[in-house]
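# got a sequence here, can you build the structure:
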Amino acid sequence: MNRIYSNKIFNWVILIVSVLTVIDISSRLNQDYEFLSVLILKITLFIFPILSTLSFFLKKMNKELYSRAFILVNLIFLPISVYFQYLVDLLFYSFNRADLISKPTMHVNFLIGLILFFLSLKFSRQTKIQRQNEYAMLIIFYGLFLLILNLTRIFDNNSTEFSVITFCIKILISISIIFVGNKLRVEKLKFKTTIIISLILAIISGML
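The predicted structure is shown next:
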């Protein structure tokens with residue numbers, strides 16, 4: 001096994017969590033999905049732990065990018081998106097969707113993700129600039145993911161529910177996130193500025 005982080009035990013912890021996540025998601029991939037966007041989300045969540053696992057064995061993939069992306073996407077961003085959706089429904093539509101946050105495993109995964117993320121920074125062997133380049137790539141990927149997800153909703157929505165204006169705004173937001181991430185990659189935007197702009201765009205997109 002290749003050593004990615006400076007702490008040997010932490011490498012094993014990330015590998016084990018990645019493998020367990022692959023097993024968990026693969027057991028549910030055979031289900032029938034009503035919406036194409038949900039299937040794409042599941043496939044995306046399946047890919048990241050696989051890449052994280054492979055990064056410990058393939059020399060060309062021996063980077064922190066894949067395991068840190070797995071931690072952020074599968075363990076942190078996914079629960080955050082659920083929490084955000086719950087708050088939006090509650091505050092703006094007075095609709096209490098308690099079922100969204102009723103799974104204890106989601107909260108446990110979120111806490112584990114936070115711990116693993118901070119430890120990944122503590123045991124990192126990369127420079128600050130190298131990590132910023134990683135975050136730029138993740139922001140670009142997030143923009144591409146939103147773009148694909150929004151495009152698939154053309155096939156998911158009924159004609160009575162589909163809003164052309166909302167669709168166009170979400171497409172523009174997705175492209176803007178990709179643009180901002182690329183600006184960070186070529187070092188034409190500061191890291192904090194990029195994060196703030198990306199978060200604002202992501203929140204606007206989530207509220208539409």
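# what residue lies at the spatial centre of the chain?
residue 73 (2.8 Å; C-alpha atoms, centre = their mean).
# that one touches residue 46, doesn't it?
No. In this structure, residue 73 is not within contact of residue 46 by C-beta atoms under 8 Å, at 10.9 Å. Glycine gets a C-beta too; all of them are placed from N, C-alpha and C.
# does residue 6 sit in a helix, a strand or a coil?
Under DSSP: H, G, I helix; E, B strand; the rest coil, residue 6 falls in the coil class.
# distance of the residue lying closest to it once chain neighbours are set aside relative to residue 30?
Of all residues not flanking residue 6 in the chain, residue 123 sits nearest, at 4.7 Å (C-beta to C-beta, 6 or more residues apart in numbering). Distance, residue 123 to residue 30, by C-beta to C-beta, to the nearest Å: 36 Å.
# more neighbours, those two?
The residue with more neighbours, out of residue 123 and residue 30, is residue 123; 17 against 6, by other C-beta atoms under 10 Å.
# got the contact list for residue 91?
Neighbour list for residue 91: empty [criterion: C-beta atoms under 8 Å, 6 or more residues apart in numbering].
# quick one: contacts for the residue nearest to residue 6?
Applying C-beta under 8 Å, 6+ apart, the residues near residue 123 are 5, 6, 7, 10.
# beyond the strand or helix carrying residue 117, next helix or strand please.
If you go by DSSP states H and E, residue 117 is part of helix 104-122. Remark: after helix 104-122, the chain's next helix or strand is helix 128-156, criterion DSSP H and E.
# which strands or helices does that next one pack on?
Contacting helix 128-156 under the criterion 3 or more C-beta pairs under 8 Å, 6 or more residues apart in numbering; DSSP states H and E are the following elements: helix 36-54, helix 64-70, helix 164-185, helix 191-207.
# contact partners of the shortest one?
Contacts made with helix 64-70 from outside it, assessed by C-beta under 8 Å, 6+ apart, are listed as 4-5, 14, 18, 21, 48-49, 51-52, 54-56, 117, 120, 124-126, 131, 134, 137-138, 141.
# average pLDDT across that helix?
What helix 64-70 shows for mean pLDDT is 93.
# repeat that for the third one.
In this model, helix 164-185 has a mean pLDDT of 91.
# chain neighbours aside, what residue packs nearest to residue 139?
Distance criterion C-beta to C-beta, 6+ apart; nearest residue to residue 139, sequence neighbours excluded, is residue 181 at 3.2 Å.
# and what of residue 179?
Residue 179 sits nearest to residue 143 (C-beta to C-beta, 6+ apart), 7.8 Å away.
# try residue 95
That would be residue 89: by C-beta to C-beta, 6+ apart, it lies 4.6 Å from residue 95.
# ok, residue 54 touching residue 60?
No. Contact status for residue 54 versus residue 60: not in contact, 9.6 Å apart, counting by C-beta under 8 Å.
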